[in-house]
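>>> Fold the following.
(4 chains)
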Number of protein chains: 2
Amino acid sequence: MPSDPVLNSPEGRQSILRARAAAGAPLPMAALAEEFGVSVDTIRRDLLALEAEGAIQRVRGGALPVMQPVEPLVTRMRTSDAAAHCIASRALDLIEDGMVVMLDGGTTIARLAAKLPPLPHALIITPAPAVAVATLAAGIETVLIGGQMSALGGMAVGQRACEAVSATAADLCLLGACGLEPTFGLSADRLDEAAVKAAMGAASSRTAVLTDRSKLGRRARHRVVPCAKLDVLVTDASSEETAAFHEVGLEIRCA
Amino acid sequence: MPSDPVLNSPEGRQSILRARAAAGAPLPMAALAEEFGVSVDTIRRDLLALEAEGAIQRVRGGALPVMQPVEPLVTRMRTSDAAAHCIASRALDLIEDGMVVMLDGGTTIARLAAKLPPLPHALIITPAPAVAVATLAAGIETVLIGGQMSALGGMAVGQRACEAVSATAADLCLLGACGLEPTFGLSADRLDEAAVKAAMGAASSRTAVLTDRSKLGRRARHRVVPCAKLDVLVTDASSEETAAFHEVGLEIRCA
DNA sequence: AGGCATGTTGCAAGTTCTTGCAGGATGTTG
DNA sequence: CAACATCCTGCAAGAACTTGCAACATGCCT
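Modelled structure (predicted):
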């Protein structure tokens, strides 16, 4: 049963699929069928149409984007990390149309950006070009934060990026993490990226962290924000692993 | 049975629908029929009218805004344009290691960015996220210009982008073009993109235009810079077609 | 006022499109 | 080689679309 009567026309679905393919996301038929609430046959026909126009290449079980956007992020994203996928999907619930949302860089956030539906009244603010391309492709108004590009994280950093972030106000901020620990808080491996992430958190009224269980209990080199400044933790970890974070005030969303 | 006597005229409904489409919202017929208190046939006729004027695209069950959230860059780059390829390759000669180079958005420039070799001492400055990702992947130091993203051009535009560009200085600037004409100069279809391109040209000591023959002699809506401010034209056109540009002082590089 | 033209709306019959399912073919995995 | 999943094809039910038409409201002219 179609959740949205319009998005679930062939054109609507295919337009969404096209955008995801352009963002470099793989298109598994079974998952898409469940997501859209249609049978795999219908998705198969959609992929057939998209393949005919050259947007994707069908493979067994689904399809792959025919044009790989770019190396650094995409190569990491190809290693299809089931956990990151689940976390990204779970975090989608946090975003509602009409919100102003800050999106960090990183693979988890990039996955989330690729999954975003069209949000006609939302605004995305991000220092990560890969994220900006994806949200723009989804038809969401996007503001790009400029600055020196960090080779590792694939996001803009530096004083100009921090200033640009500080000059904005958002309802929600989604951050990735190199490490998250109850007492030390959210941490990142690179100082310049940590500074931008911190500015993003400070400019938002609510902050959520998206990270898989491997980062929990770790301390990366530079603290971004203490846990007191965080509101939500979206992760695939068990409730035992997240208990300590719940005690310091975080709302836990388990993927 | 009209619930609101004023709003429920064809013009009234259609102006509401037009506004929603412009905001990017999908238009499901059944829901709209109930909302306005009319039959789906009436809504269908409204959508028919809106489609005739090009505001929406009708799909089964309703309509989608025609302001296609289609990622302009990636889809267009899919159409492997041999001319653009040659032009991009030819323009590579202009770039030497150690330079500070500004790169515009657009498909031609994006192709060039993908072809760039590692330049350990160069610096790329660009408002186009797709370009930034490519140059970063090539291992080139990159500065991203931030700002509101233009859905069509896939680049940052607006006051902040222009200011950020003006605050930098480059040796070379490579611009794409929607139109190039000897007297009118370089022109673009969108005003906000034209402003950024103009700022890029002004911030660089040398400016080159990359464009295929189809754009020569065309005038797009907004002038970016007059030909007097341009230095090099890289194109696939014949020498007859480029003669007029040579006369106004441009160096011609034929692909 | 009456009559006519125009425009809008809802309804019905016929057509087209989409979708899910069944059956057989094909490819993959152990 | 066998078991299994995925694929293609054809088909039928149902939803949505198109077309034509009649009813009703509105405005204009005589």
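>>> how close does the closest residue to residue A:212 other than its chain neighbours get to chain B?
By the measure of C-beta to C-beta, 6 or more residues apart in numbering or on different chains, the closest residue to residue A:212 outside its immediate chain neighbours is residue A:83, 4.4 Å from it. All C-beta atoms are positioned from the backbone trio N, CA, C, and that covers glycine. Noted for residue A:83: a distance of 24 Å to chain B, by C-beta to the nearest C-beta, to the nearest Å.
>>> any idea of the pLDDT on residue A:83?
Looking at residue A:83, its pLDDT stands at 75.
>>> and residue A:228, backbone torsions?
Per-residue torsions, residue A:228: phi -60, psi -30 (degrees, to the nearest 10).
>>> So whatever residue of the stretch 1-150 of chain A ends up closest to chain B, which state does it fall into?
Per C-beta to the nearest C-beta, residue A:139 is where the stretch 1-150 of chain A lies closest to chain B, at 2.3 Å. Assigned with DSSP: H, G, I helix; E, B strand; the rest coil, residue A:139 falls in the coil class.
>>> Report the separation between it and residue A:63.
In this structure, residue A:139 and residue A:63 are 21 Å apart, going by C-beta to C-beta, to the nearest Å.
>>> mind listing the helices for the stretch 1-150 of chain A?
A:10-22, A:29-36, A:40-52, A:71-78, A:82-91, A:107-115, A:129-137 (DSSP state H, counting those that start in this stretch).
>>> buried ones in the fifth one?
When you say that, I think you mean helix A:82-91. By 16 or more other C-beta atoms under 10 Å in any protein chain shown, the buried positions in helix A:82-91 come out as A:83-91.
>>> closest to DNA strand D among those?
Nearest to DNA strand D, judged by C-beta to the nearest atom of the strand, of the buried residues of helix A:82-91 is residue A:85 at 16.5 Å.
>>> Would you mind listing the residues in contact with residue A:188?
A:177-179, A:194, A:197, A:220-222, A:224 (C-beta atoms under 8 Å, 6 or more residues apart in numbering or on different chains).
>>> Could you count how many residues lie near the residue nearest to residue A:121 when sequence neighbours are not counted?
The shortest distance from residue A:121 to any non-neighbouring residue, by C-beta to C-beta, 6+ apart, is to residue A:98 (4.4 Å). Residues lying near residue A:98 (other C-beta atoms under 10 Å in any protein chain shown) number 11.
>>> so residue A:98 sits right up against residue A:122, yeah?
Yes: at 6.1 Å, residue A:98 and residue A:122 qualify as touching, with contact defined as C-beta atoms under 8 Å.
>>> And for the residue of the stretch 1-150 of chain A closest to chain B, the neighbour number?
Once other C-beta under 10 Å is used to define contacts, residue A:139 is seen to have 24 neighbours.
>>> re earlier: taking the helices of the stretch 1-150 of chain A together, which one is wrapped up most tightly?
Mean neighbours per residue, mean count of other C-beta atoms under 10 Å in any protein chain shown, is largest over the helices of the stretch 1-150 of chain A for helix A:129-137, with a mean of 31.
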